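Q: What follows is a predicted structure for the sequence shown.
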Amino acid sequence: MSTFLTKAVMDFFIAFGIVLGGALVGGIGAVVSLQPPTQTMLDVADRIKIWALAAAVGGTIDPMRVIESNFFDGNLSPAIKQILYLLFAFLGAHMGSELVRWVCGGNRG
């Protein structure tokens, strides 16, 4: 498997795991604190998505710096790769959030 595809798949599953794990552990915390676990899991899954995206790509500033420096230097390939890494991480975080919503029986809106 190419290094690009390997990193993209890893970013997807890291973001997916952060959202899923955070929601599950948040649900356990809700049970311990006598709160409704379903609503807590849905709230945590929605709130943690952006942090899962940032953690999956390795931080919040470095990927943006790579995009900016390569784009303005005329090297589009590294910038496009970094944007695709962000896209894969976003898809992983979103899929994790949707899985939590599906398991909890939450409705959109």
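A: Thanks, I have the structure now.
Q: What are the buried residues along the helix or strand bottoming out on mean pLDDT in the chain?
A: Within the chain, confidence by mean pLDDT, DSSP states H and E is lowest for helix 62-72 among all helices and strands, at a mean of 72. By neighbour count on 16 or more other Cβ atoms under 10 Å, the buried set for helix 62-72 is P63, V66, I67, N70. (Each C-beta comes from the backbone N, C-alpha and C, glycine too.)
Q: Show me which pair in the residues you listed is furthest apart.
A: Checked with Cβ to Cβ, the buried residues of helix 62-72 reach their widest spread between P63 and N70, with 11.0 Å between them.
Q: can you list residues touching both of those two?
A: Common neighbours of P63 and N70, counting by Cβ atoms under 8 Å, 6 or more residues apart in numbering, are Q82.
Q: Helices of this structure, start to end?
A: Counting by DSSP state H, the chain forms helices over residues 3-32, 37-56, 62-72, 76-104, given from the N-terminal end onward.
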